[in-house]
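**Student:** Please find the sequence and the predicted model below.
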Amino acid sequence: MNRRTLLALAVGAALLASGCTGSKGSAKGADAEAPDDPSKVDGTITVLTHRTDLVQDGTMKKYAAEFNKTYPKVKVEFDGITDYEGEVKIRMNTENYGDVLMIPAVIEKKDYPKFFASLGGQAERSKKYRFTDYTAVGGKVYGQSPLGALPGFIYNKKVWREAGVTEWPTTPAEFLAGLKAIKSKTDAVPYYTNFKDGWPLSQWTGVRGSVSCDEQATTRWAEGNPWAEGGELRVADSLLYDIVHEGLVEKDPTTTNWEASKPKLAKGEIATMWLGSWAVIQMQGAAKQAGADPDDIGFMPFPAQKDGTFCAVTSPDYNQAVNVHSSHKSAARAWIDWFTDKSGYAEDNLALSPLKDAPLPDILKPYEEAGVKLLDLDDSKGAELKTIENQSEVGINKPDYRKELVDMARGARKGDPDDYLDGLGEKWTETQKSLGS
């Protein structure tokens, strides 16, 4: 997962209100069967992708060459799209939206069978793969993410050690104490908000399930108030407020720069940022370019434990799907299966594999050693959660309300944080009532 993915997801949520009218004559309920004999699979398929960087540098072409060793009669062509959400949304008003594509965030989950061919039953696929319920409708799975990520704090281990903090904080109060030690004992900015770019603030919603250590967290959010006392967004947003209010961030959040923040963290000018495991490889790359030590890049879970154990939630990147109108469904299905199982894409990105029996990437070995519990959230209420978010206009996956919270914390606007968070909860629960949730 990269910055482009995150921006696309945010755009997709905003686009939902305008909706997709749907393609003509959709083959509802069509399946894309897994091919039995690779030598009999043929055709030319177009793969739509948001990873324009990998198309441009030839990486995707290399994957296709490896794929052809197993499927020699299939020609794979790539269409890298910069404004992925915006452009693909338009294309999906026709039948011509590639053979394989990443499912846009704008598409309602209930509509997946109109646009995508089934990859099989969830009960069977869930034995092998993570994230199956994110695209499951009526017991069938319509997409598969080739990699996953975990939320967490990217941090410079050297800076934290210099501040005298060698153990992961287990509570928000301990975390704040660690940042204060960094401020007093080092020259580093303890925490960097990435306020100006905005989208990193939406990453705080990734605490879902990590604070409660509950795989049913999505259901609880859809049916309850995540800003209630002790609620996960209450805990996370309160911590963000306190970090800013205590002066533990950059001097002027309105001048932050995402790209510039990477080498600064790598060199120890910034100590900490809340992002996700997907960002580690980018920070390590920035360290190499800056002549710093990539091993200084660390990754820690949210400072909360249940029964003495940290928890972290796995989440999928974009899910690949087969266009229900494709004339080469077998070839398209072959590509998805191979890319998920055999390409090494997850390993290449130091990401969590969608294969349940795969080992953790090296960047997550500290999680394994510390006994961090990895949770695969039940997303059966994911569609309801998105509906509540959109209709309440709270925007848990957008940066707006957290920008207001940060402004409040730094004195750029008036307001009481508790009253503000209570107000978000009221909007949320009122929307639930209006929807009959």
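**Tutor:** All right, it came through fine. Numbers count the residues shown, from 1 in each chain.
**Student:** going forward, measure contacts and count neighbours with C-alpha atoms only.
**Tutor:** OK.
**Student:** mind listing the strands for the stretch 1-150 of the chain?
**Tutor:** 43-49, 74-80, 100-102, 116-117, 120-121, 136-137, 140-141, 148-149 (DSSP state E, counting those that start in this stretch).
**Student:** winner for burial among those?
**Tutor:** Per-residue neighbour counts averaged over each of these give the maximum for strand 116-117, namely a mean of 28 (mean count of other C-alpha atoms under 10 Å).
**Student:** Which strands and helices lie in contact with it?
**Tutor:** When contacts are defined as 3 or more C-alpha pairs under 8 Å, 6 or more residues apart in numbering; DSSP states H and E, strand 116-117 packs onto strand 320-323.
**Student:** what's in contact with the next helix or strand after the strand it packs on?
**Tutor:** Using DSSP states H and E, the next helix or strand after strand 320-323 towards the C-terminus is helix 329-341. The contact list for helix 329-341 (C-alpha atoms under 8 Å, 6 or more residues apart in numbering) reads 32-35, 41-45, 67, 74, 99-100, 119, 144-147, 320-323, 345, 354-355.
**Student:** next one: stretch 392-401
**Tutor:** 10, 13, 198-203, 205, 389, 424, 427-428, 431.
**Student:** cool, and stretch 157-177?
**Tutor:** Residues outside stretch 157-177 that contact it (C-alpha under 8 Å, 6+ apart): 178, 181-182, 184-186, 188, 239, 242-243, 268, 271, 296-298, 300-305, 310.
**Student:** Need the three-state assignment for residue 264.
**Tutor:** Secondary structure state of residue 264, per DSSP: H, G, I helix; E, B strand; the rest coil, is helix.
**Student:** Can you mark which positions in stretch 401-411 are buried?
**Tutor:** By neighbour count, and taking 16 or more other C-alpha atoms under 10 Å as the criterion, the buried residues in stretch 401-411 are 401-410.
**Student:** By residue count, tell me the biggest helix in the protein.
**Tutor:** Ranked by residue count and defined by DSSP state H, the top helix of the chain is helix 417-435.
**Student:** Just the C-alphas of it, formatted as CSV.
**Tutor:** Output in CSV follows, covering the C-alpha atoms of helix 417-435 (Å, rounded to 0.1, in the frame of the first residue of the first chain):
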residue,chain,number,x,y,z
PRO,A,417,-12.0,18.3,22.7
ASP,A,418,-14.4,16.3,24.8
ASP,A,419,-17.4,18.3,23.6
TYR,A,420,-16.1,18.0,20.0
LEU,A,421,-15.7,14.2,20.2
ASP,A,422,-19.1,13.9,22.0
GLY,A,423,-20.6,15.8,19.0
LEU,A,424,-19.1,13.4,16.5
GLY,A,425,-20.6,10.5,18.5
GLU,A,426,-24.0,12.1,18.5
LYS,A,427,-23.9,12.6,14.7
TRP,A,428,-22.9,8.9,14.4
THR,A,429,-25.6,7.5,16.6
GLU,A,430,-28.3,9.7,15.2
THR,A,431,-27.5,8.4,11.7
GLN,A,432,-27.6,4.9,13.0
LYS,A,433,-31.1,5.5,14.3
SER,A,434,-32.2,7.1,11.1
LEU,A,435,-31.0,4.0,9.2
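**Student:** Cool, thanks, talk later.
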